[in-house]
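S.K.: My questions concern the predicted model and sequence given below.
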Amino acid sequence: MAKGVTLLELLIVMVIIGILASAAVKTWDVTLERQRIEETMKELEEIGRAIVGDERLTYMGTRIDFGFVGDCGMLPLYLIDLAIKPDYVDSLLWKGPYVTPVFAENPRNFLIDAWGDSYKYYPESLIIRSFAGGSEMSYQKWLTKKLANSFSDLFNNEVSGIVCDAFGNLPDSVKANNILITLFHPREGRLIIDSIHPRVGGNFIYSGVAIGKKRLVCVYRDTLQYDSIERIITVYPRIGVKYIELKFSRVNFQE
């Protein structure tokens, strides 16, 4: 004879199902939250590299990517400027879009985190932030990307070196005055053409140079001799580039 299910047994089964369902929902919530965090952190890293470059990209041991800062000599005023050229930057300098092709197809996608909220960009503090579904008050949840340790690391680097002739001779005051060194570098969205004469003994120095690839031209000219040197130099954060040797191939300072 078949035995029926009592009301108590049915209630117990329903309670167990409820507990299992609740545990499954909590597990799903935790998994979803973890996925959102990972996705947002990945996007923050990509946006950061779009701004200050990707140190992982090198050619023959030399870094080749310095992002928006390296090309324009300034931070973007707004994140959208990484995808669409802003008016405040010279067309010759901006080499974007700096965000990945996936973002570039819909330029505004990269402005939104995995919770559907806009990223907060604070250029004066060198950070990009997601509130991670929270608010300005729930700082424990914030996800933050620091772009650099300081503005100086990005924009106040040194370029220095020495000039000599084909035989390694250093210039005296007369020869130094015949040498013109020109550094082409971006600053505040405009190309700066910065020309100086080396000191007696051939030393030269530039300060306040932003990170990135820069063009350096050195010309010697007098009534009898002419020669020129051109280099593409790499200015690194904090390090800059030092001990550059500019050696003419057809000039003799002793003549």
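M.R.: Received it, and whenever you're ready, just let me know what you need.

S.K.: Tell me the secondary structure at the residue nearest to residue 92 when sequence neighbours are not counted.
M.R.: Computed as C-beta to C-beta, 6 or more residues apart in numbering, the closest residue to residue 92 that is not its neighbour in sequence is residue 191, at 6.5 Å. (C-beta placed from N, C-alpha, C; glycine too.) Under the three-state scheme (DSSP: H, G, I helix; E, B strand; the rest coil), residue 191 adopts strand.

S.K.: Tell me how many other residues crowd residue 191.
M.R.: 14 (other C-beta atoms under 10 Å).

S.K.: and what of residue 78?
M.R.: When neighbours are counted by other C-beta under 10 Å, residue 78 registers 11.

S.K.: again, but for residue 172
M.R.: Residue 172: 13 surrounding residues under other C-beta under 10 Å.

S.K.: Residue 50 versus that one, what's the distance?
M.R.: 48 Å (C-beta to C-beta, to the nearest Å).

S.K.: Likewise for residue 17?
M.R.: Taken as C-beta to C-beta, the span from residue 17 to residue 50 is 49 Å.

S.K.: what do you get for residue 219?
M.R.: Residue 219 is 36 Å from residue 50, by C-beta to C-beta.

S.K.: In terms of neighbours, single out the busier of those two.
M.R.: Ranked by neighbour count (other C-beta under 10 Å), residue 219 and residue 50 place residue 50 first, with 25 against 16.

S.K.: did I read that right, that one in a helix?
M.R.: Yes - using three-state DSSP, the secondary structure at residue 50 is a helix.

S.K.: My read is that it contacts residue 82, right?
M.R.: Yes - Residue 50 is in contact with residue 82 according to C-beta atoms under 8 Å; the separation is 4.8 Å.

S.K.: what sits in contact with each of those two?
M.R.: Counting by C-beta atoms under 8 Å, 6 or more residues apart in numbering, the common neighbours of residue 50 and residue 82 are 68, 98, 99.

S.K.: Flag the shaky bits of the stretch 51-200 of the chain, pLDDT-wise.
M.R.: Within the stretch 51-200 of the chain, the stretches with pLDDT under 70 are 101-108, 137.

S.K.: So which residues of it form strands?
M.R.: Along the stretch 51-200 of the chain, the segments classed as strands by DSSP state E, counting those that start in this stretch run 58-59, 62-63, 120-122, 127-130, 143-146, 157-164, 179-187, 190-196.

S.K.: Distance from the first one to the middle of the chain?
M.R.: In other words, strand 58-59. 15 Å (C-alpha atoms, centre = their mean, to the nearest Å).

S.K.: all numbers from here: first residue = 33
M.R.: Sounds good: first residue 33 from here, last item strand 90-91.

S.K.: Pairing partners for that strand, with directions?
M.R.: Strand pairing for strand 90-91, determined by DSSP bridges: strand 94-95 (antiparallel).

S.K.: No further queries at this time; thank you.
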